[in-house]
Every structure is written in C-alpha cells, then in structure tokens.
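> Structure for this input, please:
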Amino acid sequence: MASKRQKLAERRKACGYNQEEFAEAIGVDRSTVQRWENGSNEPQPWLRPQIQKILGITSAELDSLLFLDSPQSFTISVAQAADDEIEALELIRRVCASDVGAETLSALEGAFDNLAMQYPVSAPHVLLESVRRHSAYVMHLMNARMTLAEQNRLFMVGGWLQLLAATLHIDLHQDRAASARLKAAATLAQHAGSKEIEAWCFETEAWRVLTDGNYRRALELSQAAQKLAPVGTSVSIQATAQEGRARARLGEAKETYSAVDRVRKMSASLVPHKGTEHHYQYDPAKSLAYTATTLAWVGDPAAENYAREVIARLSPAENIQKWPRRVASANIDLALTLLGGDRLDEACYAAQRAILSGKIVPSNHWRALEVVQAVEAKRLPEAADLRDAFQGMKRQAELES
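Here you go, the predicted model:
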C-alpha cells in the first residue's frame, strides 16, 4: 500500500503531470511541489482549490494525500520543544549548584544562536513562541544572585533575545510590540556595554520605519546605527545596506550607488564568526540580494541581472529551503524591474511566483502590493488573478498572527 508521501506523487502522475508541469500549472516552483510530496511543507490554503481542480479531487481527498500535522499542532510541538529546552537549562543550573553559572549562560547563548539560525526558514509566529519562552527564562534569572561578569552575560543574551523578538514582531506587523522590545533590547545593551546590540536596535528600527514609508527617518536611523557599530561587524554592513535602501526610496541616486559600493567592499572583507544562516551574521552573498532590491527601487535596469543571479544561485531545492524569503524577495525585485521595462508577461509571472510562494512575511506585503498596483495601473489581464493571490496571502497571514 502506498504511503501518503507516495500517494500525492502517484495522483499527480496518474493525471499526466511531471513535477515541473504540475508546478507550472499551479504557479509555484518545482521545489515547492517536491516539499509537498516529501512532507516538509504543505500547500498554502489559497492554492488548494487549483490543486484540487488539476487533480480532480475534493478538499477531503487532498487532505488524505497530505501527511503533515496541522499548523496548530506544529506550533504546539515547537512551543513544547522550547519548554523542554528551558527545563533542561534549569536542570543545568541546579546541578551546578549556582544561581546563574557559566554552564547555564553558555547554554542560553547557544540557544539564542539556534533561534537566530532558524529565522530564515521559520514562520515568524511560530519562532516567536520559542523566543518568548527563552526571554521569560532570562527574566526569571534576573532575580538570582550572580557576579558582575555573569550579570553582564545575562544582560547580553537577554538583549539579543529581545532584539530577535522585535524583528519577529516587525515581520508580523505588530509595531507597538516591536517598539517595546527594541527599547528593552537597547536598555539591556547599554547596561551590558554592547555597542553591537545597540547598533542593531537602530538598524532594526530603520527597517521598521522604512516599511511604513518614513524613508527620511529610516536614513537617519541607519546612519546612527553605523556610528555606533563596531568596525568590521555585520551590523555595520547591514546598517549601510539599510542606508542604501532608504536613499533609493528618496530618489537620491548618487548616494544610493555609494552605499551599494560600500556594502560590496565591506562584505567582501568580512570574516564570518557564525553560520551564514544566523540572522545577525551578515552573509556576503546577501549583498547580491540587497543590491537587487536597492537598484530596483532606484529604477536601475541593472537590478534585473542581480535578481536573476540571486534566483539562479538559490535554484537548487536545498538552497530554496535554506533561503526561501530571499528567493521570494528576488522575484519581487525582478517583477518591479521588468514592469519598468514594459516586459509585462515576465513581470506578472515573477510576481505570481513570489506571492504564491507563501514566503513573504507581512512586513514585506507592501513590496508585493507595489507590484500588484503597477500591474493594475497598466490594466493587464493578469491583474485580477494577482490581486486575488495577494489577498489570499494577506488572509493567511492574518490567520497566523
């Protein structure tokens, strides 16, 4: 008897589709179909009607071909895993007969690094639950007796956790919670004497206000972050990239190109100390994606080549799984650039791939909306389908937040 993993693939084959044809009929990547069939992901709700139509099945029959737990069950399992980890941290503390010992602090620091490395591939609302639990444990330890050195390390890891939580709140468009988290992170950073965390707070706030359309304020915050950032650090590069994006939105072309050039030079000389998946470790390959976005915003046709290179580099399935948001963002950049060059069919296809990927976080919905509105302004026949896909993406995000 076929496993559920095999059932979906067998149904697809019975309908005369290979993976590439099936993906094209739905409007997704082949790697997305691969993930459905190997059980690492499931179709987004707005894609299900089309899948059912192509396969000639009902919603219940589609459920029977999939074998993932529900999103709610997955969220619960992740939360339980976080509780288990914190229980282990508490056990370490008690075994070492210390209120806050080196072993506990090292374990907490390692836990934060793991959470930061999950950021590129985790749904924000799911990862936020784990971050909340670890932050609560740090608060619990604040009342314990400790040396000044231990207190400094606890403030540092607490600051990092608050910063990551703020980033996730921004992704979910929860601005008030994000602002409160950033203030907490900055306070902890100041007490710990960490200019790096403090600079990240300014850079993160710069991104938040940029998504709100306050480009001048985003420029000011990114410059403040650069002044605070230790030389040669990831945050120094990221803040410079943020400056370039803000200047691009302000139409300051000369300054934009200057920022892009500085990012390229700094990232080329960066020596990574953590895995490139780590959200607070600048990945030199990331400069390519930032260049694509920045040039697309400044209206430079060269953005097309950069966006296509990002997509080409990440085309293997394992890389798309590793950087799903970066691929989606590159498709938005590509669509925006192609629209500017009146290559309308290609632009709509790229926009559809981005929106239907399910990997655009709410804080980036405005970027997708710009493309949708541009397509509508040109009165293209694809406009209605693109708008429907965008609305479906928004509804799904509202359900998850």
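> all strands for this structure, in order.
Counting by DSSP state E, the chain yields no residue ranges for strands.
> List phi and psi for the residue most central in space within it.
In the chain, the residue lying closest to the centroid (C-alpha atoms, centre = their mean) is residue 120, at 4.8 Å. With angles defined as degrees, to the nearest 10, residue 120 sits at phi -60, psi -20.
> That one touches residue 278, doesn't it?
No - between residue 120 and residue 278 there is no contact under C-beta atoms under 8 Å: 9.1 Å. From N, CA and C alone the C-beta is placed, and that goes for glycine too.
> ok, now which ones touch residue 204?
Going by C-beta atoms under 8 Å, 6 or more residues apart in numbering, residue 204 touches 163, 166, 167, 170, 182.
> could the residues you listed be laid out in a markdown table, adding distance to residue 341?
Converted to a markdown table, the contacts of residue 204 look like this (distance: C-beta to C-beta, whole Å):
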| residue | distance to residue 341 |
| --- | --- |
| 163 | 39 |
| 166 | 37 |
| 167 | 34 |
| 170 | 32 |
| 182 | 39 |
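> Looking at those, spot the one nearest residue 381.
Nearest to residue 381 out of the contacts of residue 204 is residue 170 (C-beta to C-beta; 35.2 Å).
> Of all the residues in stretch 371-390, which ones are buried?
Along stretch 371-390, these residues count as buried under the neighbour rule (16 or more other C-beta atoms under 10 Å): 371, 372, 374, 375, 380, 382, 383, 386, 387, 389, 390.
> what about the first one, distance to residue 335?
The reference is to residue 371. 5 Å (C-beta to C-beta, to the nearest Å).
> okay, and the common contacts of those two?
Counting by C-beta under 8 Å, 6+ apart, the common neighbours of residue 371 and residue 335 are 347, 351, 354.
> in the stretch 251-400 of the chain, what spans have low per-residue confidence?
Counting by pLDDT under 70, the stretch 251-400 of the chain shows low-confidence ranges at 272, 275-276, 315-323, 400.
> for the stretch 51-200 of the chain, that is, sorry about that
For the stretch 51-200 of the chain, the stretches flagged by pLDDT under 70 are 67-100.
> buried sites along stretch 261-276?
For stretch 261-276, burial by neighbour count (16+ other C-beta under 10 Å) applies to 262, 263, 264, 266, 267, 270.
> now stretch 187-199
Residues of stretch 187-199 classed as buried: 187, 188, 189, 192, 194, 195, 196, 197, 198, 199 (neighbour count, 16+ other C-beta under 10 Å).
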